[in-house]
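Novice: When you get a sec, could you give me coordinates for this:
(chains A and B)
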Number of protein chains: 2
Amino acid sequence: METLSPTITCPLDHGLAQVLPDIASLREWHPSDIAEALDRPGNPPLGIIRTLLQLGRPKALEAFEQLSIDTQQACLETGNTGTMLEFIENLEPDDRVDLLKRVADDLRERLMPLIAQAERNDIRRLWDYREGTAGAVMTTEYAFLPEDIPARAALESLRLQAPNKETIYYVYIIDAQRHLRGMVSLREIIMARPEASLGDIMEDQVIAVNHDMDVEQVAAMISKYDFLALPVVDHDNRLLGIITVDDVIDIMESESTEDFHRISAVAPFEEQYFRRALPRLFCDRFGWLAVLLVTSILSTTIMEVNAAILQQMVALAFFIPMVIGTCGNAGTQSATMVVRALALGEICPRDFPRVFRRELVMGLALGCALGLMACLRVFLQDQNVMLGAIVGTALLATLLAANLAGGLLPLALKAAHLDPALTAGPFIATLIDAVGISIYFLAAAWMIRLFGGA
Amino acid sequence: METLSPTITCPLDHGLAQVLPDIASLREWHPSDIAEALDRPGNPPLGIIRTLLQLGRPKALEAFEQLSIDTQQACLETGNTGTMLEFIENLEPDDRVDLLKRVADDLRERLMPLIAQAERNDIRRLWDYREGTAGAVMTTEYAFLPEDIPARAALESLRLQAPNKETIYYVYIIDAQRHLRGMVSLREIIMARPEASLGDIMEDQVIAVNHDMDVEQVAAMISKYDFLALPVVDHDNRLLGIITVDDVIDIMESESTEDFHRISAVAPFEEQYFRRALPRLFCDRFGWLAVLLVTSILSTTIMEVNAAILQQMVALAFFIPMVIGTCGNAGTQSATMVVRALALGEICPRDFPRVFRRELVMGLALGCALGLMACLRVFLQDQNVMLGAIVGTALLATLLAANLAGGLLPLALKAAHLDPALTAGPFIATLIDAVGISIYFLAAAWMIRLFGGA
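Specialist: Here you go, the predicted structure:
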């Protein structure tokens, strides 16, 4: 088996897209900075591997951990199985499984027998957890102790456990069947009398999450309780792993990014802005824009049906962008607030009646205020009372509909286990366009009949 | 001075809006859960204080810390200065300053002399840091040691420091003038030989931030390096405080929420969805909607100017919602991606040329594809070649403009030190409406001349 060979002395030019400092300076860098420098589009995987090898342990292993999973996969697929083995074994268990899930079956089958027994068992244990659940992001490298040892011995034991654990700042107390009995922080162990037993100082009301809990909820819990880690248990309260706060931060960032993309109808992607290849970005964006374009056939059809009214009063057309624009904006406002509140766990689908009442009141208030403004504006511009009344009424009715749709659709989607962010923004806007134009012409036809009959 | 009196035995009914369990069960709860239960709209501050007093120390102090700043302020303003003093003194230094900045001058002047000397000095030190900077969110309760003591003595010293420090997991090594010399984690101290000096095991390339750095950047750094805390220094590298990861999570959540609100043109607010009072929410939303409504006067004016063309070809009006809707969506897509990338620190205003090239190519590609689709659709629906050509051309030109505006305006705002999220969503959409309608009629007039002349 090949291992890392920091003694290779080839010059620091492995076909990388940018100039790196000499290897001695690079070794002084933080692993995250090294990874950032290597992890650029255009850098060949072989060049990245060679640079890492020159860095030597443990920097190389730490820097590899910080590379994006795409780059890790590209490195693995160069076929340098022997070299890559140590990098893979050093990954956190959950990251290792994510990486192995991505590579082709035959490469994985070649790798698996080479991986050490302990890591292989870990991989099997973690393999079946569904993406997006606590089980899929937890690490199995947690510190644990029995409850009957004194604080002094605990400290000694942690010294030995430390090198292989993700964190030793939270220690979990388990019994022989791995049932979670309690939790004690390293701070409490240090502050305790040396002879106090862990059972006496531990917190026995441990807040834990089930392995099938959604990662977004896990993030909300860590954020609420200010924990550094959260234990993950099975349905029998047996400890399976822990989720650490740094993983939670990554989860929060990617969930927020996903919501931002969905809200603006871009198919969500994980890469950074400049790293997403243009042809793929084109697909992410074109798909939804095309769907929305086709959907807008509704608006066009409604206008064609009402061509007679439009012929009769061409000025009606002038105010269509204003009415549907304003209502689209109001719908987007409600939708965004509700989507965000859902993401932070502030509200849930059960709150439907409360959200309904809230958005009804708000829609009426905003509709009246903005409808009056619109009416006044039309009158000032055209001195046409009927047109003003039509536009004002249409705006009120449309805004009410937009506001309710914006507030309630995300709840409905959440209840149906779909991503609420899908509804916000452009989708609401396109729907509102059609509904808005219909209401506009209905109001117009009604008013023309009314005023015409007077 | 009054202190906490857990012996009061009045029943657990202090006019709170909901039923709480008996005090014994409540004492078993996590402080964050107690705070969540107390922190409801409608709960009178006096009722909250009485419930806390019944809980006794330290639960009462910990729960008070987790209350929202609005509720803390309401409690403080009940005037029970003596009772509140212990709660205030127990707050983290940065939260204490935030709270004291909110209350009226005379209440603050009554409180200040009562606060212990050490805390008072802290308040003075933290008072002047500008909101949104590292200095304003840091805590001064960090663990520090000199570099020449051995690991065994360090552990002993940390045991004594622990009760008054926010974290002892990261220990900062400073000299007599408080210059930051190095950093060592408690894990490394525990793993080190007991006689090894801290100077030998410390990391001397400490990654620190300046007190005037933007909190959003601080959050990005903690997230990149997976730190539990980040030291804050002045321009002479003297240690001022630390920012811990749990504060960073709160910062990330509130910055993301702010961006979500801005993107959908709601004036950002900090409360949870149901907690924001409706009249205030009305103002948050009405303001921007009204501005956007008035802005849409542009679109109307442009259509009125082109009334002659519209009279000539009423069918033109049918496709306006489709063209401006699609282009608004595309502009929102670009804007959202760039705003998010800016927030995560992936790009900066210097990347203007690269973003320009990217959005130009993307705008052309999307414009051609969607323009062709639109053209085809118009033709299938109306069998009118000229109308199809007008709509297709207008869509291409508008989409290109929308895409560039969406991608570049956030960068321009960022360069001008304004919030980039302000541009995304409705603002882009309203601007695009006007530009789109202009281009639409320009294309129409040009095509009519061209085909009419043929």
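Novice: what's the distance between residue A:394 and residue A:387?
Specialist: 11 Å (Cβ to Cβ, to the nearest Å). Quick note: C-beta positions are derived from backbone N, CA and C, even for glycine.
Novice: how far away is the residue nearest the centre of chain A from residue A:216?
Specialist: Most central in chain A under Cα atoms, centre = their mean is residue A:255, positioned 1.1 Å from the mean C-alpha point. Separation of residue A:255 from residue A:216 (Cβ to Cβ): 5 Å.
Novice: Can you pick out the residue with more neighbours from residue A:394 and residue A:387?
Specialist: Neighbour count, other Cβ atoms under 10 Å in any protein chain shown: between residue A:394 and residue A:387, residue A:394 has more, with 28 against 21.
Novice: So that one: helix, strand or coil?
Specialist: Judged by DSSP: H, G, I helix; E, B strand; the rest coil, the three-state class of residue A:394 is helix.
Novice: just residue A:182 next, same as before
Specialist: Following three-state DSSP, the label given to residue A:182 is strand.
Novice: Tell me where the stretch 351-454 of chain A has helices.
Specialist: A:352-382, A:385-415, A:426-453 (DSSP state H, counting those that start in this stretch).
Novice: What is the last one packed up against?
Specialist: If contacts are counted by 3 or more Cβ pairs under 8 Å, 6 or more residues apart in numbering or on different chains; DSSP states H and E, helix A:426-453 sits against helix A:278-295, helix A:297-305, helix A:307-312, helix A:315-318, helix A:320-343, helix A:385-415, helix B:320-343.
Novice: One more: the first one?
Specialist: Using 3+ Cβ pairs under 8 Å, 6+ apart as the contact criterion, the secondary-structure elements in contact with helix A:352-382 are helix A:320-343, helix A:385-415, helix B:278-295, helix B:297-305.
Novice: The second one near chain B at all?
Specialist: Same thing as helix A:385-415. No. Helix A:385-415 lies out of reach of chain B by Cβ under 8 Å from any Cβ of the partner chain, never closer than 8.6 Å.
Novice: Quick one: residues contacting residue A:338.
Specialist: By Cβ atoms under 8 Å, 6 or more residues apart in numbering or on different chains, the residues touching residue A:338 are A:347, A:355, A:406-407, A:410-411, A:420, B:273.
Novice: again, 7 Å this time
Specialist: Counting by Cβ atoms under 7 Å, 6 or more residues apart in numbering or on different chains, residue A:338 touches A:355, A:407, A:410-411, B:273.
Novice: Show the pLDDT at it.
Specialist: Listed pLDDT for residue A:338 reads 85.
Novice: Kindly check the end-to-end length of stretch A:63-71 for me.
Specialist: 12 Å (Cα to Cα, to the nearest Å).
Novice: just stretch A:21-33 next, same as before
Specialist: End-to-end for stretch A:21-33, by Cα to Cα: 12 Å.
Novice: With stretch A:79-96 instead?
Specialist: So stretch A:79-96: terminal residues 17 Å apart, Cα to Cα.
Novice: Return the distance of it from the chain's centre.
Specialist: Centroid displacement of stretch A:79-96 relative to its chain, using Cα atoms, centre = their mean, to the nearest Å, is 26 Å.
Novice: does chain B sit close to that stretch?
Specialist: No. Using Cβ under 7 Å from any Cβ of the partner chain, stretch A:79-96 stays clear of chain B, coming no nearer than 10.9 Å.
Novice: Quick check: buried residues in that stretch?
Specialist: Using 16 or more other Cβ atoms under 10 Å in any protein chain shown as the test for burial, stretch A:79-96 gives A:80, A:83-88, A:90-96.
Novice: Identify the residues contacting it?
Specialist: A:1-4, A:49, A:61, A:64-65, A:75-76, A:99, A:110-111, A:114-116, A:119, A:122-123, A:126, A:136-141, A:166.
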